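Q: model the following, please.
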Amino acid sequence: MACRISELVIDAADPERLAAFWSDVLGYVELEREDDGSIAIGPADAGFGGPQPVLVFGPTSAPRAGKLRLHIDVSATDRDQDAELERLLALGARPADVGQTGTESWHVLADPEGNEFCLLRARIAPV
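A: Model prediction:
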């Protein structure tokens, strides 16, 4: 038997803001809100334990130190990469430079708190 990624936990200065941003990006909904200020988001029809991982944004006041050692890659499901890039930028993503050459087939972006993520070229089927 193997494991499956069920949750990704992300430290956030403003969990509310990041949960709203990533909900818009992924088409997720709020699943749970904890007393400590953590917010869990995931697919509306599956919730925790479904085929896609839940994202949990936990409050922190600690500053981020350096480049993330893990980042999220996303792929559009219903439009081409250029149209999806426009949508993500309109939601509050911004271009990020992590040393790419400019010839990559993906776009490196940052969420509202500066967490890098990549928009890949390939369109994939929705789950």
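Q: break this protein down into its structural domains.
A: For the chain, automatic domain parsing gives the domain ranges 1-60, 70-127.
Q: can I get the ones you listed in CSV including mean neighbour count and mean pLDDT?
A: For the C-beta atoms, the positions are set from N, CA and C on the backbone; glycine is no exception. Below are those laid out as CSV (neighbours: other CB atoms under 10 Å; pLDDT from 0 to 100):
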stretch, mean neighbour count, mean pLDDT
domain 1-60, 15, 93
domain 70-127, 14, 93
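Q: helices of the protein, residue ranges please.
A: In the chain, the helices defined using DSSP state H lie at 15-26, 81-91.
Q: and the angle for the last one with helix 15-26?
A: It stands for helix 81-91. 160 degrees (axes from the mean of the first three to the mean of the last three CA atoms, to 10 degrees).
Q: centre of the chain to helix 81-91, how far?
A: Put simply, helix 81-91 sits 14 Å off its chain's centre (CA atoms, centre = their mean, to the nearest Å).
Q: what does that helix rub up against?
A: Helix 81-91 is contacted from outside by Phe21, Asp24, Val25, Ala76, Arg79, His107, Leu109, Leu119, Leu120, Arg121, Arg123, using CB atoms under 8 Å, 6 or more residues apart in numbering.
Q: CA atoms of that helix as CSV?
A: Coordinates of each C-alpha in helix 81-91 appear next as CSV, following Å, rounded to 0.1, in the frame of the first residue of the first chain:
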residue,chain,number,x,y,z
GLN,A,81,-2.0,28.9,-20.9
ASP,A,82,-2.2,32.5,-22.0
ALA,A,83,-5.8,32.9,-21.0
GLU,A,84,-5.1,31.2,-17.7
LEU,A,85,-2.1,33.5,-17.1
GLU,A,86,-4.4,36.5,-17.6
ARG,A,87,-6.9,35.1,-15.2
LEU,A,88,-4.3,34.3,-12.5
LEU,A,89,-2.8,37.8,-12.8
ALA,A,90,-6.3,39.3,-12.5
LEU,A,91,-6.8,37.3,-9.3
